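S.K.: coords please:
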Amino acid sequence: MYFRFEVVRANAGGLAGGTAKRAAVFAALLWAGFAAPNAARGEDTPAAEYARGSQLKTKIDIDAKGQPLGEFLKMLAAEVERKSVRTPKFTYATGIDRAKPVTYTCKGKAVEQVLEEVLKGQGLGYAVVSADGDKYDGFLRIAPASEKSPAATMPAADPAATEDDKLAAARLALAKEMMANGKAAQAKSQLALIAKRYPDTKAGKEAAALLEKQDK
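M.R.: Numbering: from 1, shown residues only. This next block holds a predicted model:
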């Protein structure tokens, strides 16, 4: 998803209030490794805000010796839960090898740092999914580091674009990624939201056209 506006970022932004917090919209996800933490600032869902502001900031101890990646992430989630923080959930891009062994030890490191160090060693990255109506909203999405987010492939922003234009374009990029990954239902939900919330923007009109095409 990608995954991070991190929109992928490492800090919480919430439904940003004020131009300074909303202006720098990349896309709906921004991968750790493609941009520095906090580089992107966009509209966040409550679930994504919690993931960024609480789960990723939690400091944990972990000792893994050859555990499969999938099991390692379960260990990490359990350590987060032990700190009285809601358990983080993960989703994976197609083709991710969850059986690849992980050997990693740390004490008192933030989850975001742990993930960056472990995933980088496997050629992977992560992002926080921030998408209204998506069943993976608030999940941490694991994907190849080489897989660029919609933000990375979007055309340069129009200086005259309004904040609604930018937010709509970011959400549309996410919807298109969902469509490309075979998530038709989630994509349709996003397109409907864009068309309803931003009807006068270029992205809003494109979303409406895509919806109409899907319904035929």
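S.K.: how about low-confidence regions in this structure?
M.R.: Along the chain, segments meeting pLDDT under 70 span 1-43, 147-160, 216.
S.K.: for the top helix by length along the chain, which positions count as buried?
M.R.: Using DSSP state H to define each element, the chain has its longest helix at helix 163-180. For helix 163-180, burial by neighbour count (16 or more other CB atoms under 10 Å) applies to 164-179. To be clear about C-beta, it is placed using only N, CA and C from the backbone, and glycine gets the same treatment.
S.K.: Next secondary structure after it?
M.R.: The helix or strand immediately downstream of helix 163-180 is helix 184-197, counting by DSSP states H and E.
S.K.: What is that next one packed up against?
M.R.: helix 163-180, helix 202-215 (3 or more CB pairs under 8 Å, 6 or more residues apart in numbering; DSSP states H and E).
S.K.: centre of the chain versus the longest one, how much separation?
M.R.: Just to be clear, that refers to helix 163-180. The chain centroid and the centroid of helix 163-180 are separated by 13 Å under CA atoms, centre = their mean, to the nearest Å.
S.K.: follow-up on the earlier one: would you list the helices and strands packed on helix 184-197 in CSV and tack on distance to Ala195?
M.R.: Formatted as CSV, the helices and strands packed on helix 184-197 follow (distance: least, CB to CB, whole Å):
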stretch, distance to Ala195
helix 163-180, 9
helix 202-215, 4
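S.K.: Could you name the helices and strands sitting against the longest helix of the chain?
M.R.: helix 19-22, helix 150-153, helix 184-197, helix 202-215.
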